[in-house]
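> sequence and computational prediction follow.
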Amino acid sequence: MRYVRFGALAVGFLCLTACTRTMENASSVTDLAEVSVFAMDTYMYLTAYGSAAETALAQAETRIAELENKWSVTLETSEIYAINHSKGTPVSVSDETSSLLRFSLDMSEQTDGALDCTLYPVLSAWGFTTGSYQIPSETLLAQRFAQTGYEKVQCNGSTVTLPEGMQIDLGAVAKGYVGDLLAEQLRAQHVTSALLDLGGNIQAVGTKPDGSAWRIGLRNPFSEETFAVLEVADLAVVTSGGYERYFVGEDGETYWHILDPETGQPARSGLASVTIVGQEGRRCDALSTALFVMGREKAEALWRQAGDFEMVLVTDTGEVFLTEGLEDVFSLQQDYADMPTEIIRR
């Protein structure tokens, strides 16, 4: 079996274009602060401007470590670890953890189960939690699949009860929530221009220092190139795709880490990547995963129903479907000018 796994830096899911990271006229901008940190199994890059930027980013780095210590699946002192090893006994958690879990469960309801935080045992069966990839036997998959189901999780206030044998992982929403919390923290510290790259989850605070929009590059899911650019301000941009973590089995098939909660198999919905743009990083994070599972038609239906996010869908045949709210801020790169693109309208 041939294994393929790229690090967060290499795959770039949502990569910043050169003008985003270096910025035009960067040498003339004062009070630039930058922090890089490895957390939540990915590299994060934080950039901020202003007299309070350096102190604010130092505190942001501390905040990231605090949240990772609460939400890590493998850290034995984390709250998620305590929940997963509670053997059905109620566990008291922090307000942040209960809030994130309730949000995840609510998004599961909204997406008819396309997002499910209880898939950790199935992910483990495929080896996606350790990097020791394998195609699980039908027996093993059935055993692990029986240990899932978001509707079985009880979250009452700050008390969480998980049936024995089940495990949760909030990775599909955690980075988005971190982005929201950091953006709120930076604004409270009077930072009005910042860009947070949380391993592909992009959170823009305000605009660039010169007042122009941030330019966010979208990765071609079939290569490591940027195929398009989005111009955004004060928004979150999150992409999910099968290329982020995958392996090629002995049967020659490609298996990726985004699983279909209905089957326990890698989701094959006809989409190669999903990019969500919206006000809340946590919602963008959840939707990018859920809509990848749901496929284009259901994604369009949810977009029309919800009305609070925009999206870019790339199909596995290389077509781009773009919601109308992004029409004026989306542009294909020169080498991809002929990429088939269709605007989704209400």
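Yep, it's here. The shown structure was predicted, so the numbers you read here are calculated from the model rather than taken from an experiment. Numbering: from 1, shown residues only.

> name the nearest residue to the residue nearest in space to the middle of the chain, ignoring sequence neighbours.
Taking C-alpha atoms, centre = their mean, the centroid of the chain lies closest to Asp285, which sits 4.1 Å from it. Once flanking residues are discounted, Asp285 sits nearest to Gly176: 2.8 Å by C-beta to C-beta, 6 or more residues apart in numbering. Every residue, glycine included, has its C-beta placed from N, CA and C.

> could you do Glu262 as well?
Gly113 (7.2 Å).

> go on, Asp251?
Of all residues not flanking Asp251 in the chain, Ile135 sits nearest, at 7.4 Å (C-beta to C-beta, 6+ apart).

> what residues of the helix or strand encompassing the residue nearest to Asp285 count as buried?
Using DSSP states H and E, Gly176 falls within helix 171-188. Neighbour-count burial for helix 171-188, counted by 16 or more other C-beta atoms under 10 Å, picks out 171-183, 186.

> now the helix or strand that comes right after that helix against helix 171-188, angle please.
Helices and strands here follow DSSP H and E; after helix 171-188, the next one along the chain is strand 193-198. Relative orientation of strand 193-198 versus helix 171-188 (axes from the mean of the first three to the mean of the last three C-alpha atoms, to 10 degrees): 160 degrees.

> which elements pack onto the helix or strand just after strand 193-198?
The first helix or strand that comes after strand 193-198 along the chain, using DSSP H and E, is strand 201-206. Contacts defined by 3 or more C-beta pairs under 8 Å, 6 or more residues apart in numbering; DSSP states H and E place strand 201-206 against strand 14-16, helix 171-188, strand 193-198, strand 214-219, strand 236-241, helix 281-294.

> any chance of those in TSV, plus mean pLDDT and distance to Ser158?
Output for the helices and strands packed on strand 201-206, formatted as TSV (pLDDT from 0 to 100; distance: least, C-beta to C-beta, whole Å):
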stretch	mean pLDDT	distance to Ser158
strand 14-16	44	33
helix 171-188	97	16
strand 193-198	97	26
strand 214-219	97	36
strand 236-241	97	26
helix 281-294	97	19
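
> okay, the ones you listed in JSON lines with distance to Leu140 next?
What follows is those, written out as JSON lines (distance: least, C-beta to C-beta, whole Å):
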{"stretch": "strand 14-16", "distance to Leu140": "33"}
{"stretch": "helix 171-188", "distance to Leu140": "22"}
{"stretch": "strand 193-198", "distance to Leu140": "33"}
{"stretch": "strand 214-219", "distance to Leu140": "33"}
{"stretch": "strand 236-241", "distance to Leu140": "26"}
{"stretch": "helix 281-294", "distance to Leu140": "22"}
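
> returning to that earlier point: from what I can see the residue nearest to Asp285 touches Glu280, true?
Yes: shown here, Gly176 and Glu280 form a contact pair, counting by C-beta atoms under 8 Å, at 7.3 Å.

> overlap of the contact sets of those two?
Common neighbours of Gly176 and Glu280, counting by C-beta atoms under 8 Å, 6 or more residues apart in numbering, are Ala236.

> where along the stretch 1-150 of the chain do the strands fall?
Ranges of strands within the stretch 1-150 of the chain are 2-4, 14-16, 32-39, 42-49, 91-92, based on DSSP state E, counting those that start in this stretch.
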